[in-house]
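In: Quick one, structure for this:
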Amino acid sequence: MIDAPEEKGWDSHVMSTLRAFPTRKKNCYSIDMEGKTENSTFTVERVLVRASFYYGNYDNKATPPTFNLQFNGNSWTQIVTHQDNIIYTEMVYSLIKGNNISICLAQTQPNNIPFISALEVRSLDPYAYRYVNSNYHKYPLFFVERLAFGANTTIRYSDDSRDRIWGPVHANTRIKRNSPYRSVNIDDEPLDALRTTLAQLQEVKINRSIPTMEAFDPRINYDYPPTLVLRKPGMYSSGNMVYSGISDPKIPIHFNAYFAEPNTLNSTEIRSFNIFVNNKLYNTEGPIVPSRLTLEKVFIHNITSFAINSSYSIALVPTNDSTLPPLIIALEGFTMGDKLVQGTNSSDGNSLDSLLSTNP
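Out: Next comes the predicted model:
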């Protein structure tokens with residue numbers, strides 16, 4: 001037993017135990033996903049899989065290991081563990097053949113002994129996270145970030161029936177995703193280059209088809225944030241809001257951004273803003289104007305850094321006629337893997353830009 005940190009949404013007793021694999025280059029878990037109800041048999045088709053790791057210096061060597069994860073013969077990710085933080089990674093994919101999930105830990109460096117603290121599998125609706133064409137079920141999604149901007153603590157089950165983890169933006173936490181660095185900055189000073197571009201644009205407001213927050217039903221809106229995330233106010237700023245991170249320029253990150261207006265605005269108040277990706281206007285069809293008690297989902301795809309270890313940025317910038325600052329409710333970031341194979345490894349993390357749909 002080791003002493004795991006006490007963090008909301010995480011069972012410290014579970015994270016205080018682990019299984020290490022000092023023998024063999026690869027060790028696997030096999031999970032059967034077929035079950036029965038009282039009246040019928042059900043088969044899980046689309047699943048969320050989460051692997052968690054807490055080193056805690058269990059071996060008294062003070063050398064957190066690095067190793068690889070694989071699933072059903074496919075590459076998942078490289079795990080870089082930490083001395084004192086819980087590290088976790090998660091993905092969504094469909095079971096193509098049968099109902100068995102195989103998760104393997106593979107040693108890649110001498111004396112880097114793979115270990116795992118927890119392995120969780122959650123069933124999803126077959127249509128959840130359908131970001132590619134009719135063959136979407138043949139490609140895995142690897143999640144980079146899931147943020148609830150109005151939250152001050154982690155939100156997950158039972159507030160999210162799918163047990164997704166929605167993290168707060170500003171918090172002292174020892175929970176880390178196994179993903180590149182990201183940050184959110186509130187900039188009170190306008191970005192001159194963006195403002196100049198905005199002044200040259202024709203302001204065109206459009207009508208979007210969006211579900212009401214009051215009518216939110218997780219059984220229908222297959223991948224929307226849970227009600228608790230939607231009811232919390234978004235992040236406000238007195239100027240621009242910039243989300244930034246570091247990514248591999250060869251592996252685009254795709255984002256779901258959720259917006260809503262929590263307040264009743266008077267006749268003199270306007271909240272209107274644009275999305276800039278790497279200083280380039282993204283929403284060319286018109287500015288974002290959040291509606292009262294409605295949820296708008298914007299799919300921001302193919303975000304990359306300019307070079308290895310350089311950063312990308314997503315900026316919310318007020319339009320010239322806006323009297324109120326931008327706001328955002330939630331943000332999800334993910335990468336897309338290779339086409340799923342059975343029994344053999346595929347290369348890790350290649351993007352499938354041609355299959356992406358901006359209207360999933």
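In: what stretches of the chain score poorly on pLDDT?
Out: Where the chain drops to pLDDT under 70, the residues are 34-44, 131-134, 171-175, 179-222, 232-238, 342-360.
In: What number of residues are in the vicinity of Pro326?
Out: The tally of other residues near Pro326 (other C-beta atoms under 10 Å) stands at 26. For the C-beta atoms, the positions are set from N, CA and C on the backbone; glycine is no exception.
In: ah, wrong one, I meant Phe53
Out: What Phe53 shows, counting by other C-beta under 10 Å, is a neighbour count of 28.
In: so how far is Ala257 from it?
Out: Phe53 sits 29 Å away from Ala257, going by C-beta to C-beta, to the nearest Å.
In: Could you do Pro5 as well?
Out: Taken as C-beta to C-beta, the span from Pro5 to Ala257 is 30 Å.
In: more crowded one of the two?
Out: Ala257 (22 against 16).
In: Quick one: residues contacting the nearest residue to that one once chain neighbours are set aside.
Out: The shortest distance from Ala257 to any non-neighbouring residue, by C-beta to C-beta, 6 or more residues apart in numbering, is to Val298 (4.6 Å). Going by C-beta atoms under 8 Å, 6 or more residues apart in numbering, Val298 touches Asn256, Ala257, Tyr258, Phe259, Ile275, Asn283, Ile288.
In: can you do 10 Å?
Out: 208, 255-259, 275, 282-283, 288, 328, 331, 358 (C-beta atoms under 10 Å, 6 or more residues apart in numbering).
In: For PyMOL, write the select line for the buried members of these.
Out: Listed next is the PyMOL selection for buried residues among these, using 16 or more other C-beta atoms under 10 Å:
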select buried, resi 255+256+257+258+259+275+282+288+328+331
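In: can you tell me which helix or strand Gly333 belongs to?
Out: If you go by DSSP states H and E, Gly333 is part of strand 330-336.
In: Could you tell me the phi and psi values at His13?
Out: phi -70, psi -40 (degrees, to the nearest 10).
In: Please disregard the earlier target; I meant Thr227.
Out: Torsion angles, degrees, to the nearest 10, at Thr227: phi -60, psi -40.
In: Could you do Met15 as well?
Out: According to degrees, to the nearest 10, Met15 has phi -70, psi -10.
In: ok now whichever strand or helix holds Phe142, how far from the chain's centre?
Out: Per DSSP H and E: Phe142 is located in strand 141-148. Centroid separation for strand 141-148 versus its chain: 1 Å, with C-alpha atoms, centre = their mean, to the nearest Å.
In: any idea of the angle that strand forms with strand 330-336?
Out: 170 degrees (axes from the mean of the first three to the mean of the last three C-alpha atoms, to 10 degrees).
In: Would you double-check that the residue nearest to Ala257 falls in a helix?
Out: No. The assignment for Val298 by DSSP: H, G, I helix; E, B strand; the rest coil gives strand, which leaves it out of any helix.
In: any idea how far Met241 is from it?
Out: 14 Å.
In: same thing with Lys97?
Out: For Lys97, the distance to Met241 - C-beta to C-beta - is 44 Å.
In: So for these two, which residue has more residues nearby?
Out: Met241 (24 against 9).
In: That one in helix, strand or coil?
Out: Under three-state DSSP, Met241 comes out as strand.
In: Now do the contacts for the residue nearest to it when sequence neighbours are not counted.
Out: Leaving out its chain neighbours, the residue that sits closest to Met241 by C-beta to C-beta, 6+ apart is Leu316, at 4.5 Å. Taking C-beta under 10 Å, 6+ apart, we find Leu316 in contact with 235, 237, 239-243, 257, 259, 273-276, 288, 325-328.
In: What of Arg46?
Out: 92-95, 122-130, 136-137, 222.
In: From Met91, how far out is it?
Out: 11 Å.
In: Would you map the strands across the stretch 101-250 of the chain?
Out: 115-116, 118-124, 141-148, 175-177, 182-187, 240-246 (DSSP state E, counting those that start in this stretch).
In: check contacts around Thr108.
Out: Thr108 touches Lys25, Pro65, Thr66, Phe67, Asn68, Gln78, Ile79, Pro114, counting by C-beta under 10 Å, 6+ apart.
In: one more time with 6 Å
Out: Neighbouring residues of Thr108 by C-beta atoms under 6 Å, 6 or more residues apart in numbering: Phe67, Asn68.
In: and what of the one 4 residues further on?
Out: Applying C-beta under 6 Å, 6+ apart, one finds that Asn112 lies in contact with Pro65, Thr66, Phe67.
In: How about the first one, nearest residue that isn't a chain neighbour?
Out: Sequence neighbours aside, Asn112 is the residue nearest to Pro65 in space, at 3.9 Å (criterion: C-beta to C-beta, 6+ apart).
In: can you check the second one too?
Out: Using C-beta to C-beta, 6+ apart and skipping the chain neighbours, the partner closest in space to Thr66 is Val80 (5.1 Å).
In: distance of the one you found from Leu293?
Out: 42 Å.
In: Helices of the chain, start to end?
Out: 12-15, 192-199, 227-231 (DSSP state H).
In: For the last one, list every residue counted as buried.
Out: Using 16+ other C-beta under 10 Å as the burial criterion, the residues of helix 227-231 that qualify are Thr227, Val229, Leu230.
In: For Ile86, state which of those residues is nearest.
Out: The closest of the buried residues of helix 227-231 to Ile86 turns out to be Val229 (C-beta to C-beta; 21.2 Å).
In: contacting residues for that closest one?
Out: Per C-beta under 6 Å, 6+ apart, neighbours of Val229: Ala148, Ile155, Trp166, Ala330.
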